[in-house]
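S.K.: here are the coordinates; sequence isn't available:
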């Protein structure tokens, strides 16, 4: 079988946990799926109209997490960490059954999702993958926030920078090549917030399931969590994880170069909507041996998740 073919998981995965914003318990089953299914969410607590496709144009809220909805108003929220795990591990097809409206936060990272997927195993098919190749630069600016997507030869390159007044977070920047680099520090990096923002979240009806077990909390320029950070760039690395998950709402892996300053879910979604509003911005390629882009042919030994 070609390394450039579609993949799913080898067997069913089950997990449960609490939603960080709703505070609701949820059970999640991830099932293997046939080629060209894509990733599909299914609300098994509902009897009908319960299929939701994780697509950028199905995003109905991207304020503090990514929430998708179908045409009947059935929603699933906080999908970004699971989607980031799927993206990084090269999972093209899976059915995600969930009995609640929010994906469990687990420990605030994608660590448990990745572990369970690898333990289940990855099954390769004969069906060729499709990729989105960026053809023209597209940019979104909102004050001090900026995000752009441009051409790249072979990978999805992400250059992400955050700047906080808080002296514990300060400024952090990291650059990764999603299909080539070791992503363990990205997967393991946890969501975070400032202590003074917790009350604001509660007034918004959010953060009901948040705790030091599933989020980093910074108070008075120090970390409240025991054990410290998992890596020295954990804050920006978590932003990269979010970004990967949000980018996978394209439905395919992307070959392009993304740069972001102080962005988040909303800015990434706005970027995708702008990219796909004009067909001149991108190409959709089915990757078969005879039509592999030259850069892929000469770099395929370096590729991991795309291959």
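M.R.: All right, it came through fine. This is a predicted model, so every value here is computed, not measured.

S.K.: going forward, measure contacts and count neighbours with C-alpha atoms only.
M.R.: Fine.

S.K.: Tell me who's in contact with residue 137.
M.R.: By C-alpha atoms under 8 Å, 6 or more residues apart in numbering, the contact set of residue 137 is 148-151, 281.

S.K.: Narrow these to those in strands?
M.R.: Under the assignment DSSP state E, those contribute 148-150 to strands.

S.K.: other SSEs contacting the host helix or strand of residue 269?
M.R.: In this assignment (DSSP states H and E), residue 269 forms part of helix 265-275. Identification of packing neighbours for helix 265-275 by 3 or more C-alpha pairs under 8 Å, 6 or more residues apart in numbering; DSSP states H and E yields strand 138-142, strand 145-150, helix 234-247.

S.K.: Export those to a markdown table and append columns for mean pLDDT and mean neighbour count.
M.R.: Below are those laid out as a markdown table (pLDDT from 0 to 100; neighbours: other C-alpha atoms under 10 Å):
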| stretch | mean pLDDT | mean neighbour count |
| --- | --- | --- |
| strand 138-142 | 98 | 16 |
| strand 145-150 | 98 | 20 |
| helix 234-247 | 98 | 26 |
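
S.K.: To residue 186, which of these lies closest?
M.R.: helix 234-247 (5.1 Å; C-alpha to C-alpha).

S.K.: relative to strand 138-142, how tilted is the helix or strand following the closest one?
M.R.: Next helix or strand after helix 234-247 toward the C-terminus (DSSP H and E): strand 253-261. Between the direction of strand 253-261 and that of strand 138-142, the angle (axes from the mean of the first three to the mean of the last three C-alpha atoms, to 10 degrees) works out to 30 degrees.

S.K.: Identify all contacting residues around strand 253-261.
M.R.: With C-alpha under 8 Å, 6+ apart as the contact definition, strand 253-261 has outside contacts at 87, 130-134, 144-162, 306.

S.K.: so which pair among the contacts of residue 137 is furthest apart in space?
M.R.: Set against one another by C-alpha to C-alpha, the contacts of residue 137 have their most distant pair in 148 and 281, with a gap of 12.1 Å.

S.K.: so what sits against both of those two?
M.R.: 137-138.

S.K.: what's next to the helix holding residue 269, contact-wise?
M.R.: Taking C-alpha under 8 Å, 6+ apart as the criterion, the residues outside helix 265-275 that touch it are 56-57, 59, 61-66, 138-140, 146-149, 242-243, 246-247, 250, 281-282.
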